[in-house]
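[1] Next input, structure requested:
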Amino acid sequence: MGRTILKRIKLAKRHKIFTNCFGTSLYIVGILNKDRFVSRVWDYEPEIEKLARLDKPELGSLVIFRKGTGKGRYIDHMALVLSVNPTRVIQRELDGHSIGEKNIERVIRDYDILETEYRRPSIPFR
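    Next up is the predicted model:
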């Protein structure tokens, strides 16, 4: 099993069964042991909360994209930071099979995101 973010990204790219951005992102940062479809991402919020919160993106950090406000606030999408300047992320695409890179501003616009949150994974990037 991959012990770094980069090794887990490589393994996830080879994974061809249907999954989603939540399962892939949680796998890459080490919360899940395998890349799989996650329908109830809120079940993993306690594990996500254990990851150090960051004020700005870092290489390999988990990006949590939220929508809603107050009690209606929820996680809409997840990705990982691949570069900082400009900030590019890697994410499981909507088709559930491919993994792609995008500028974070495009993701925010495409998903109509209200809030981004960055978390430092407990495993190293390289």
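[2] for stretch 14-33, the distance to its chain's centre please.
    9 Å (C-alpha atoms, centre = their mean, to the nearest Å).
[3] next structured bit after the top helix by length along the chain?
    Secondary structure assigned by DSSP state H gives helix 5-14 as the longest helix of the chain. For helix 5-14, the succeeding helix or strand toward the C-terminus, using DSSP states H and E, is helix 21-28.
[4] re earlier: what's next to the longest helix of the chain, contact-wise?
    Residues external to helix 5-14 that are found in contact with it (C-beta atoms under 8 Å, 6 or more residues apart in numbering): 1-2, 24, 27-30, 35, 60, 80, 90, 92, 99, 121, 123-126. Every C-beta, even on glycine, is put in place using the N, C-alpha and C of the backbone.
[5] just the buried members of these?
    Among these, the ones that count as buried by 16 or more other C-beta atoms under 10 Å are 24, 27-30, 35, 60, 80, 90, 92, 99, 121, 123, 125.
[6] in the chain, what spans have low per-residue confidence?
    Low-confidence segments of the chain (pLDDT under 70): 1.
[7] show me where it has helices.
    Under DSSP H, the chain gives helices at 5-14, 21-28, 45-50, 104-111.
[8] Go through the longest strand seen in the chain and flag the buried ones.
    Criterion DSSP state E: the longest strand present in the chain is strand 74-84. The neighbour-count check on strand 74-84 (16+ other C-beta under 10 Å) flags I75, D76, H77, M78, A79, L80, V81, L82 as buried.
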